[in-house]
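Peer 1: Need a 3D model of the following:
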Amino acid sequence: MAINPKVFISYAWEDGITEWVKNLAQELRSDGVDAIIDQWSLVPGDRLPQFMEKSISSSDNVLIICTPKYKRKVDCRVGGAGYEGDIISSEQFYKDTPRKFIPLLKKGNWQDAAPTFLLSRNYLDFRLDGSSKESYQHLLRTIYKSFPTPPPLGHAPKFISDNLENKIKKN
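Peer 2: Predicted coordinates:
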């Protein structure tokens with residue numbers, strides 16, 4: 001992973017989401033994450049499919065902002081979000097990179113907001129402002145691959161090991 005991980009943010013343009021995505025991207029960038037969004041990466045004349053394909057394939061992670069509108073567009077393959085859904089599905093299928101794609105629930109409930117290809121995935125909940133700080137910190141740990149380390153594995157308790165020894169002696 002690069003010192004500054006690169007993430008692409010996939011979302012549907014809708015009231016309340018477009019500005020939120022821009023703010024999220026700014027916050028990520030201030031925390032050392034090279035966040036890529038269409039709002040400041042595309043200019044008139046750019047080819048949208050090329051931008052989406054390159055951004056998804058070259059990023060360490062893709063943040064998928066799940067809302068009911070995003071789900072409809074992706075599942076029905078409509079517009080930019082629908083095209084991104086094709087690219088994401090293909091990459092998951094052919095490259096086996098499930099941890100690359102991080103779903104963030106922003107509106108609605110999971111069943112109504114997650115595209116079909118994400119329904120079985122663990123996600124971060126960004127719906128409530130109060131829990132967003134905790135979710136944001138979890139997101140940063142995921143992007144930086146700073147996962148909790150489990151404690152070392154101990155030995156079987158004595159009463160278990162004694163029982164195993166007795167079974168072996170009987171056989």
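Peer 1: which secondary element of this protein has the worst mean pLDDT?
Peer 2: Every helix and strand in the chain was compared by mean pLDDT, DSSP states H and E; the lowest is helix 79-95, with a mean of 68.
Peer 1: who's in contact with whichever helix or strand comes after that helix?
Peer 2: Under the assignment DSSP states H and E, the closest C-terminal helix or strand after helix 79-95 is strand 101-105. Under the contact criterion C-beta atoms under 8 Å, 6 or more residues apart in numbering, strand 101-105 has outside partners 61-66, 88, 92, 113-114, 118, 121-127, 135, 139, 142-143. Glycine gets a C-beta too; all of them are placed from N, C-alpha and C.
Peer 1: same thing but 10 Å
Peer 2: Outside of strand 101-105, the residues that reach it under the criterion C-beta atoms under 10 Å, 6 or more residues apart in numbering are 7, 9-11, 21, 24, 56, 59, 61-67, 88-89, 91-92, 110, 113-115, 117-119, 121-127, 132, 135-136, 138-139, 142-143.
Peer 1: Sheet partners, orientation included, of it?
Peer 2: Counting by DSSP bridges, the strands paired with strand 101-105 are strand 61-66 (parallel), strand 124-125 (parallel).
Peer 1: ranking the ones you listed by burial, who's on top?
Peer 2: By mean neighbour count, with neighbours taken as mean count of other C-beta atoms under 10 Å, strand 61-66 ranks first of the strands paired with strand 101-105 at a mean of 26.
Peer 1: which one is residue 65 nearest to, not counting chain neighbours?
Peer 2: For residue 65, ignoring the flanking residues on the chain, the nearest one in space by C-beta to C-beta, 6 or more residues apart in numbering is residue 11 at 3.7 Å.
Peer 1: between the strands paired with strand 101-105, which one is nearest to residue 40?
Peer 2: Using C-beta to C-beta as the measure, strand 61-66 is the one of the strands paired with strand 101-105 that comes nearest residue 40, at 15.5 Å.
Peer 1: and the closest one, what's its mean pLDDT?
Peer 2: Over the span of strand 61-66, the pLDDT mean works out to 95.
Peer 1: which is the next helix or strand following that strand?
Peer 2: Tracing the chain C-terminally past strand 61-66 and defining elements by DSSP H and E, one meets helix 68-75 next.
Peer 1: what sits opposite the most centrally placed residue in the chain in the beta ladder?
Peer 2: In the chain, the C-alpha nearest the mean C-alpha coordinate belongs to residue 102, at 0.5 Å (C-alpha atoms, centre = their mean). Per DSSP bridges, the residues bridged to residue 102 are residue 63.
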